[in-house]
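Asker: What follows is a predicted protein model with its sequence.
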Amino acid sequence: MSSTTHEAHHGHDDHHHAPYGITRWLFTTNHKDLGVLYMTFGLLMFFIGGAMAMVIRAELFQPGYNLVDPYFFNQMTTMHALVMIFGAVMPALTGLANWLVPVQIGAPDMALPRVNNWAFWLLPAGFVLLLATLFMPGGGPAAGWTMYPPLVLQLGDAFPFLIFAVHILGISSIMGSINIVATILNMRAPGMTLMKMPLFVWTWLITGFLMIAVMPVLAGAVTMLLTDQYFGTSFFDAAGGGDPVMFQHIFWFFGHPEVYILILPAFGIVSAILPTFSRKPLFGYSSMVYATAAIAFLSFIVWAHHMFTVGLPLAGQLFFMFATMLVAVPTGVKIFNWMATMWRGSMSFETPMLFAIAFVILFTVGGLSGVMLALAPVDLQYHDTYFVVAHFHYVLVTGTVFAIMAGVYYWLPKWTGHMYDERLGKWHFWVSTISVNVLFFPQHFLGLAGMPRRIPDYALQFAEFNMISSIGGFVFGFSQLLFVWIIIKCVRGGEKASDQVWDGAQGLEWTLPSPAPYHSFETPPVVR
Amino acid sequence: MSDETTSKRHTSLVTKLVLVTFGMFGFGFALVPLYDVICDITGLNGVVDLQAADYERGEVDPDRKITVEFVATVNDNRPWDFKPEVRRMEVTPGELYTVTFETTNTQDEDTVSQIVPSVAPGRAARDFRKTECFCFTEQPFEAGENRDMSVTFFIDPRLDDRTNTVTLSYTLFDLGAGDDPDFDPEDAQLHAGSR
Ligand code: HEM
Ligand SMILES: [Cu+2]
């Protein structure tokens, strides 16, 4: 079916239309359709994960056990993280890659269109398994997204569902990344050499390799959990000669590169937007490429900075501390390049640019708290406190999520053919940016003062900052409805977008009409 | 570029990437023996030999004193009493000592326990040598049974001179009675013994 739909439309006329109806979406192999599906799925999960965050912040609004059962609270923190990482951010980034990589390198579609369809439709399957656990007796997974044994082995019915969901999501992202890597390496238009590729393509190439390298390791780790539970192995069971700390090593061998999987494509998006609205080329293109590669390489040798408190030997602590601090070097290179790009540019401040600038500033805040956490002696105090929570929300929310939003505003006119409502976009930006800082900045103080993470109650002296943080959380959460409204409005209509859309924008995607036709670059463009 | 050469290039690249995927899946499992080997070589992690050490009385340095502390923990708060007869003692490296642990299975069911040792600081683990230990095998207990179990050990005189106190910690795991009929203690020993 998929192939017939595909073939039937494989004509040479650029303006033929997409097939209609539900089967279009079920069987589509078109990279733009799949990009839309991925991004829509990501948005849906963003709200499901967001609803869980609202439960967490409501419980923490005041000290005491107020609203939900403590065990349910643990399910919320666990599921919130899993849904946001594997459901919202990764699919949204994969969706952007689907839509943009082919048009940025002048390819007609992805390398493996049918694999693409499969990779996407595995996601809803995986999340049905995962979310269904919330309605089972005993509830959903509640041992933290890091799934440490022996706690995770006490989950009951949710446990096998959690493991298989992780397997399915892992297979989906491996298929997705093999596809993206194959597209980038094999399908570039003539003249599009590697060092001419837009940075978004570069960052995704490297992210793709990272995913192929570490998602299987996660699959292995959870498989070991499964066999420990049901088949009598003792990988992590001390009674049988195993060691639970070994799980942490294997998990973080995946987990740290994973956080770069979540941030590198965001670097690519910001590197596209800043030059456009500064009306200057990106400063230090090749150093950006090398910095990305360096970060990816370093991400494999820093994992134990998540484990400073397990009793690592001194030599290990020193090694992982210095290796981690080394990551700040290529990251700093990037930040300085972005600043130099804007330096003396004729800047304008449309919504995508606002989000991109906020990204540069606020991601740096998260990077700095990261360097603090990298110091082994002080991490003994900060570990598992709200300081860590503040750190990773600065890099993930005001980092990755802001970059994704910036990207959506930036390319939305190309996707829909209409300009979004700039006035509402600015509202969305300012409300989000202010509230997200009200939400996460006080968490630094809470953590430094000793408030532990993942606990539904807290000592009285933490009450004020928690209340402030919760208020910020509710405002941030509800202001995202505005984002959805702006997108819907833009899909439905609005001022007609020109092909160029942004006068400073560079790249092949802007040579296509707006909205971009269903099939593009069937004859490869020539890149000089 | 014709369609055929493109699809050939896809096939060869994708084959390689899929192989890498499987390779990395295997690598995750390879980390397990690797971890054990690293712990073994470096003596990290306080993991101790689960095989009896040979003792031969050699040179003894009567002036050197090491404090040995004993810790006994029951995993998962299972209904057991498990405690050492002494909390700490002074020992001379090279001499043989025996300490007993009073152990009671306070549940009204027969069961089996496995007691797992660990030594802190980790660098002392190699030099904490046991000639006999209840931790070398599983220990079956009848309902309500109480018995003293003993460990005989010496500290190797080559123990580095930074170390003045060594803690021997035991964790008792209740393996349950009929819980795990396939449980093969040999396997567990093999795995642990590789350290
Ligand atoms: C300069 C760069 C960075 C440094 C030095 C750094 C350092 C650290 C350290 C040392 C920890 C462990 C803290 C603890 O548990 O005690 C940590 C946690 C974390 N980091 Fe970073 N980080 C950096 C960038 C990032 C980025 C870019 C992301 C993701 C986009 C990220 C996501 C996270 C997450 C999710 C955790 C918490 C994981 C958990 O325990 O659940 N970090 N970081
Ligand atoms: Cu990390």
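Answerer: Structure's in. What do you need? Ligands and ions are numbered 1, 2, ... in the order given.
Asker: those helices in the stretch 1-150 of chain A, which residues are they?
Answerer: In the stretch 1-150 of chain A, the helices defined using DSSP state H, counting those that start in this stretch lie at A:2-8, A:22-27, A:31-59, A:70-82, A:90-105, A:113-132.
Asker: Throw those into CSV and include mean neighbour count, distance to residue A:427 and mean pLDDT, thanks.
Answerer: C-betas here are computed from N, CA, C, even on glycine. Formatted as CSV, the helices of the stretch 1-150 of chain A follow (neighbours: other C-beta atoms under 10 Å in any protein chain shown; distance: least, C-beta to C-beta, whole Å; pLDDT from 0 to 100):
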stretch, mean neighbour count, distance to residue A:427, mean pLDDT
helix A:2-8, 13, 40, 39
helix A:22-27, 13, 31, 85
helix A:31-59, 20, 19, 96
helix A:70-82, 21, 26, 95
helix A:90-105, 27, 22, 96
helix A:113-132, 19, 31, 95
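Asker: Which of these sits closest to residue A:301?
Answerer: helix A:90-105 (23.1 Å; C-beta to C-beta).
Asker: got the CA coordinates for that closest one in PDB?
Answerer: Extracted C-alpha coordinates of helix A:90-105, given in PDB (Å, rounded to 0.1, in the frame of the first residue of the first chain):
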ATOM      1  CA  MET A  90      13.500  13.000  20.900                       C
ATOM      2  CA  PRO A  91      10.500  12.700  18.500                       C
ATOM      3  CA  ALA A  92      10.300  16.500  18.100                       C
ATOM      4  CA  LEU A  93      14.000  16.600  17.100                       C
ATOM      5  CA  THR A  94      13.600  13.500  14.800                       C
ATOM      6  CA  GLY A  95      10.600  15.200  13.300                       C
ATOM      7  CA  LEU A  96      12.600  18.300  12.500                       C
ATOM      8  CA  ALA A  97      15.300  16.200  11.000                       C
ATOM      9  CA  ASN A  98      12.800  14.400   8.800                       C
ATOM     10  CA  TRP A  99      11.300  17.600   7.500                       C
ATOM     11  CA  LEU A 100      14.500  19.500   7.100                       C
ATOM     12  CA  VAL A 101      17.500  17.300   6.400                       C
ATOM     13  CA  PRO A 102      16.300  16.200   2.900                       C
ATOM     14  CA  VAL A 103      15.500  19.800   1.900                       C
ATOM     15  CA  GLN A 104      18.700  21.200   3.400                       C
ATOM     16  CA  ILE A 105      20.900  18.800   1.500                       C
END
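Asker: Which single residue of chain B approaches ligand 1 most closely?
Answerer: residue B:28 (19.2 Å; C-beta to the nearest ligand atom).
Asker: pretty sure that residue is in contact with residue A:250, am I right?
Answerer: Yes - using C-beta atoms under 8 Å, residue B:28 is in contact with residue A:250, at 6.0 Å.
Asker: where do the contact lists of these two overlap?
Answerer: A:217, A:220-221, A:224 (C-beta atoms under 8 Å, 6 or more residues apart in numbering or on different chains).
Asker: Just the closest of those to residue A:438, please.
Answerer: residue A:221 (36.7 Å).
Asker: quick one: which helix or strand includes the closest one?
Answerer: helix A:199-230 (DSSP states H and E).
Asker: Give me the buried stretch members for that helix, please.
Answerer: Of the residues in helix A:199-230, A:199-226, A:228-229 count as buried by neighbour count, 16 or more other C-beta atoms under 10 Å in any protein chain shown.
Asker: Mind pulling the model confidence for the nearest residue to residue A:46 once chain neighbours are set aside?
Answerer: Distances taken as C-beta to C-beta, 6 or more residues apart in numbering or on different chains put residue A:88 closest to residue A:46, at 4.2 Å, once the chain neighbours are dropped. With respect to pLDDT, residue A:88 scores 97.
Asker: what number of residues lie near residue A:88?
Answerer: Residue A:88 has 23 neighbours, counted by other C-beta atoms under 10 Å in any protein chain shown.
Asker: That one and residue A:49 touch, don't they?
Answerer: Yes - at 5.6 Å, residue A:88 and residue A:49 qualify as touching, with contact defined as C-beta under 8 Å.
Asker: The stretch of helix or strand residue B:38 belongs to vs helix A:113-132, what angle?
Answerer: Element membership for residue B:38, per DSSP H and E: helix B:3-42. Going by axes from the mean of the first three to the mean of the last three C-alpha atoms, to 10 degrees, helix B:3-42 is angled at 40 degrees with respect to helix A:113-132.
Asker: after helix B:3-42, next one along is what?
Answerer: Counting by DSSP H and E, what follows helix B:3-42 is strand B:66-74.
Asker: So is the helix or strand following that following strand next to chain A?
Answerer: Moving toward the C-terminus from strand B:66-74, the next helix or strand (DSSP H and E) is strand B:80-84. No - Strand B:80-84 does not reach chain A (C-beta under 8 Å from any C-beta of the partner chain); its nearest approach is 13.2 Å.
Asker: Look at the residue of the stretch 251-400 of chain A found nearest chain B and report its pLDDT.
Answerer: Closest residue of the stretch 251-400 of chain A to chain B, C-beta to the nearest C-beta: residue A:313 (5.4 Å). Reading off the confidence values, residue A:313 has pLDDT 81.
Asker: Against ligand 1, how distant is it?
Answerer: 18 Å (C-beta to the nearest ligand atom, to the nearest Å).
Asker: Am I right that that residue is in contact with residue B:122?
Answerer: Yes - Residue A:313 lies in contact with residue B:122 (C-beta under 8 Å); the separation is 6.4 Å.
Asker: Which one's more surrounded, these two?
Answerer: Of the pair residue A:313 and residue B:122, residue B:122 is the one with more neighbours under other C-beta under 10 Å, namely 19 against 15.
Asker: Need the pLDDT of that one.
Answerer: For residue B:122, pLDDT reads 77.
Asker: Name the helix or strand for residue A:370, please.
Answerer: helix A:351-374.
Asker: what comes up buried for that helix?
Answerer: For helix A:351-374, burial by neighbour count (16+ other C-beta under 10 Å) applies to A:351-360, A:362-367, A:369-370, A:373-374.
Asker: swap in stretch A:308-318?
Answerer: A:308, A:312, A:316-317.
Asker: which ones are touching the nearest residue to residue A:215 once chain neighbours are set aside?
Answerer: Nearest residue to residue A:215, sequence neighbours excluded (C-beta to C-beta, 6+ apart): residue A:170, at 4.6 Å. Shown in contact with residue A:170 (C-beta under 8 Å, 6+ apart): A:215-216, A:218-219.
Asker: Report the two of those residues separated the most.
Answerer: A:216 and A:218 (7.3 Å).
Asker: which regions of chain B sit below the pLDDT cut-off?
Answerer: B:1-4, B:40, B:42-50, B:177-195 (pLDDT under 70).
Asker: Contact partners for the residue lying closest to residue A:68 once chain neighbours are set aside?
Answerer: Spatial nearest neighbour of residue A:68, chain neighbours left out: residue A:59 (5.6 Å); criterion: C-beta to C-beta, 6+ apart. Shown in contact with residue A:59 (C-beta under 8 Å, 6+ apart): A:65-68, A:73, A:76, A:456.
Asker: I figured residue A:279 hits residue A:346, correct?
Answerer: Yes - with contact defined as C-beta under 8 Å, residue A:279 counts as touching residue A:346 (4.9 Å).
Asker: neighbour count winner among the two?
Answerer: More neighbours surround residue A:279 than the other of residue A:279 and residue A:346, with 14 against 9 (other C-beta under 10 Å).
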